[in-house]
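J.: Any chance you can model this:
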Amino acid sequence: MKQKITVLGSTGSIGTNTLDVVARHPEQYEIFALSASTQVDLMLRQCVQFKPRFAVMASAPHAQQLAEGIKQNGLVTQVLQAQDALEVIASHPDVDAVMAAIVGAAGLAPCLAAAKAGKRLMLANKEALVVGGALFMDTVKRHGATLLPIDSEHSAIFQCLPEDSSTWADRVDSLLLTASGGPFRQRDPATLSQITPEQACAHPNFSMGRKISVDSATMMNKALEVIEARWLFDIAPEKIKVVIHPQQIVHSMVQFKDSSVLAQLGTPDMRVPIACGLAWPERIASGTPVLDFARLAALTFEVADAQRFPGLHLSWQALRAPEGTTTVLNAANEVAVAAFLDRRLSFDRIHAVNLQTLESVQPGPVSTLEDLMALDARARERAGVIAQQWVC
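T.: Predicted coordinates for the structure are as follows:
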């Protein structure tokens, strides 16, 4: 039988690439539900092509606009817009697998709903682990969900590790996450204040959303990935390392206790980890060109510059701090990046907002989703006040 797939965030980069892979295998997969924020036209085209049972939009006006388009095209797709609509399509009894590709803390609740329902959860929303951490992993384990990482780095590590996770602690020495270094890898740190949103969004290897592109430019994206790796693979933070690899051919590596290193290589294309997540433990065609070793340029590796990328090192600090600190860091960063993209904050001040928010917001006990969301809101409010001090 075909696997029924829900795609959370279907109009974003991960979502559209997921649909591209699914379309190549109509005999294996069908789309059960899609969700998007504001891109009504693209969502309508996706509904016309994949004919999902449900489509979710983030606001009532966008949902109404989509519903009118659905009717005009003679589709039977039901359009939803409600506070719990994402949780509904993520946990629906007819769903086999969920692609979680919503950016930011907003993706935590539907990810938890999918985990509670015991779904096969393909996780491209790193914030679910950065914000949820122990709560999220405990939910996955208690309800027997299958968690598959979709970030290219975490997918690479997952593919290099032994299938029996009970052996990881005895065999693994460290995890090595690779990073492109973004568009400012060789830029003079003294000029970072002059960077524009357009320059920050010009990733050298991947076409991504604006928020993720800025995170890649500041290396905060890699900081969040360090936190994600800590929870995904249940490994001590000090055993997670980051190395700059501009070509992005080696997607990440695992170093074992005998000093051997296994790496996963491939063309920089998100369809590879997406196809891996959809088919695991089998393999399917992703549509990605194969790596041509005869034409491959030299592969180089560099140390991550702490002066140029100070945000990267906040990950280890936050992981050593009281539980909930990573939630504060993520919230502050989302506020700071939004301010930068709105041209209200200079690029070099993003780190300052994050650091000052961490210093001024002390997390209390966090044992429920409500606790985490309250802490997230408190951190966002404080970060907004701090960012206002440096309005451009």
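
J.: Keeping just the C-alphas, turn the longest helix anywhere in the chain into PDB.
T.: What stands out as the longest helix in the chain, according to DSSP state H, is helix 369-388. Only the C-alpha atoms of helix 369-388 are listed here, as PDB (Å, rounded to 0.1, in the frame of the first residue of the first chain):
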ATOM      1  CA  LEU A 369       4.800  22.100  26.200                       C
ATOM      2  CA  GLU A 370       3.000  24.900  28.000                       C
ATOM      3  CA  ASP A 371       6.100  25.600  30.100                       C
ATOM      4  CA  LEU A 372       8.300  25.800  27.000                       C
ATOM      5  CA  MET A 373       5.900  28.100  25.100                       C
ATOM      6  CA  ALA A 374       5.700  30.400  28.100                       C
ATOM      7  CA  LEU A 375       9.400  30.600  28.300                       C
ATOM      8  CA  ASP A 376       9.600  31.100  24.600                       C
ATOM      9  CA  ALA A 377       7.200  34.000  24.800                       C
ATOM     10  CA  ARG A 378       9.100  35.600  27.700                       C
ATOM     11  CA  ALA A 379      12.400  35.300  25.800                       C
ATOM     12  CA  ARG A 380      10.900  36.800  22.700                       C
ATOM     13  CA  GLU A 381       9.500  39.800  24.600                       C
ATOM     14  CA  ARG A 382      12.900  40.500  26.200                       C
ATOM     15  CA  ALA A 383      14.800  40.000  22.900                       C
ATOM     16  CA  GLY A 384      12.400  42.500  21.300                       C
ATOM     17  CA  VAL A 385      13.300  45.100  23.900                       C
ATOM     18  CA  ILE A 386      17.000  44.500  23.500                       C
ATOM     19  CA  ALA A 387      16.800  44.700  19.700                       C
ATOM     20  CA  GLN A 388      15.000  48.000  20.000                       C
END
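
J.: and it, what does it pack onto?
T.: If contacts are counted by 3 or more CB pairs under 8 Å, 6 or more residues apart in numbering; DSSP states H and E, helix 369-388 sits against helix 108-116, helix 127-142, helix 325-341, helix 350-360. To be clear about C-beta, it is placed using only N, CA and C from the backbone, and glycine gets the same treatment.

J.: can we see that at 6 Å?
T.: helix 325-341, helix 350-360 (3 or more CB pairs under 6 Å, 6 or more residues apart in numbering; DSSP states H and E).

J.: Could you export the ones you listed as TSV, including distance to Pro246, mean pLDDT and mean neighbour count?
T.: Converted to TSV, those look like this (distance: least, CB to CB, whole Å; pLDDT from 0 to 100; neighbours: other CB atoms under 10 Å):
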stretch	distance to Pro246	mean pLDDT	mean neighbour count
helix 325-341	23	96	26
helix 350-360	22	96	21
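
J.: Show me what counts as buried in the longest helix of the chain.
T.: 369, 371-373, 375-376, 378-380, 382-384, 386-387 (16 or more other CB atoms under 10 Å).

J.: Residues contacting that helix, please?
T.: 105, 131, 324, 327-328, 331-332, 335-336, 339, 345, 353, 356-357, 360-361, 363, 366 (CB atoms under 6 Å, 6 or more residues apart in numbering).

J.: Distance of Trp168 relative to Met1?
T.: 33 Å (CB to CB, to the nearest Å).

J.: Thr267 now?
T.: Counting by CB to CB, the gap from Thr267 to Met1 is 32 Å.

J.: Per the annotation, how does this structure divide into domains?
T.: Following automatic domain parsing, one finds the domains of the chain at 3-150, 321-392.

J.: what's the closest of these to Lys222?
T.: If you check each of the domains of the chain against Lys222 by CB to CB, domain 3-150 wins as the nearest, at 10.4 Å.

J.: re the thing from before, any idea how far the longest helix of the chain is from the chain center?
T.: Centroid separation between helix 369-388 and its chain, computed with CA atoms, centre = their mean, to the nearest Å, is 20 Å.

J.: mean confidence for that helix?
T.: Helix 369-388 comes out with an average pLDDT of 95.

J.: Any regions of the stretch 101-250 of the chain where pLDDT drops low?
T.: Across the stretch 101-250 of the chain, the ranges flagged by pLDDT under 70 are 203-207.

J.: in it, which spans are strands?
T.: Using DSSP state E, counting those that start in this stretch, the strands assigned to the stretch 101-250 of the chain run over residues 120-123, 146-149, 172-179, 240-244, 250-256.
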